[in-house]
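Colleague: Build me a model:
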Amino acid sequence: MKKLAFTLVLSTLFTSVYAQRKIIDTLNNVIARAKDDTSRIVSMNALSRAYLYTKPDSSLLIAQQVLQLSRTIKFL
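Modeller: I've put the predicted structure just below:
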């Protein structure tokens with residue numbers, strides 16, 4: 001019974017990690033194709049949040065870039 005529970009926990013964890021990676025890849029693709037407009041800002045903000053707990057330094061860097069870009073195009 002313990003092995004079954006352990007296996008279920010591990011499979012859930014790996015599925016979650018895979019899904020998170022897929023979201024990050026998708027956001028990176030959207031950002032690469034986006035112009036410097038609101039869609040890029042929204043996508044970069046979502047990417048910053050996706051990195052928040054796994055790569056906080058990257059999250060902060062992206063958030064700073066979002067702030068700078070949003071000020072540049074007067075999105076704030």
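
Colleague: Now do the buried residues in stretch 43-53.
Modeller: By neighbour count on 16 or more other Cβ atoms under 10 Å, the buried set for stretch 43-53 is S43, M44, N45, A46, L47, S48, A50, Y51. In this view, the C-beta of every residue, glycine as well, is placed from N, C-alpha and C.

Colleague: Ignore what I typed, I meant stretch 59-70.
Modeller: Buried, per 16+ other Cβ under 10 Å, within stretch 59-70: S59, I62, A63, Q65, V66, L69, S70.

Colleague: Name all residues that make contact with the fifth one.
Modeller: Just to be clear, that refers to V66. I41, M44, N45, S48 (Cβ atoms under 8 Å, 6 or more residues apart in numbering).

Colleague: likewise the second one?
Modeller: Under the criterion of Cβ under 8 Å, 6+ apart, the neighbours of I62 are M44, L47, S48, Y51.

Colleague: let's see 10 Å
Modeller: L27, I31, M44, N45, A46, L47, S48, R49, A50, Y51, L52, K55 (Cβ atoms under 10 Å, 6 or more residues apart in numbering).

Colleague: Against V66, how distant is the fourth one?
Modeller: Read it as N45. From N45 over to V66 the distance is 5 Å, taken as Cβ to Cβ, to the nearest Å.

Colleague: Local confidence estimate at the residue nearest to Q20 when sequence neighbours are not counted?
Modeller: Once flanking residues are discounted, Q20 sits nearest to A50: 6.8 Å by Cβ to Cβ, 6 or more residues apart in numbering. pLDDT recorded at A50 is 92.

Colleague: Over to the one 10 residues further on?
Modeller: Here, the pLDDT recorded for L60 equals 97.

Colleague: pull the CA atoms of the helix or strand hosting Q68 into CSV?
Modeller: Using DSSP states H and E, Q68 maps to helix 56-72. Provided in CSV are the C-alpha atoms of helix 56-72 (Å, rounded to 0.1, in the frame of the first residue of the first chain):
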residue,chain,number,x,y,z
PRO,A,56,13.2,33.6,-8.2
ASP,A,57,16.2,35.4,-9.6
SER,A,58,14.9,34.9,-13.2
SER,A,59,11.4,35.9,-12.0
LEU,A,60,12.7,39.2,-10.6
LEU,A,61,14.7,39.9,-13.8
ILE,A,62,11.8,39.4,-16.0
ALA,A,63,9.5,41.4,-13.8
GLN,A,64,12.0,44.3,-14.0
GLN,A,65,12.0,44.0,-17.8
VAL,A,66,8.2,44.0,-17.8
LEU,A,67,8.1,47.2,-15.7
GLN,A,68,10.6,48.9,-18.0
LEU,A,69,8.8,47.9,-21.1
SER,A,70,5.4,48.9,-19.7
ARG,A,71,6.8,52.4,-18.8
THR,A,72,8.3,52.7,-22.3
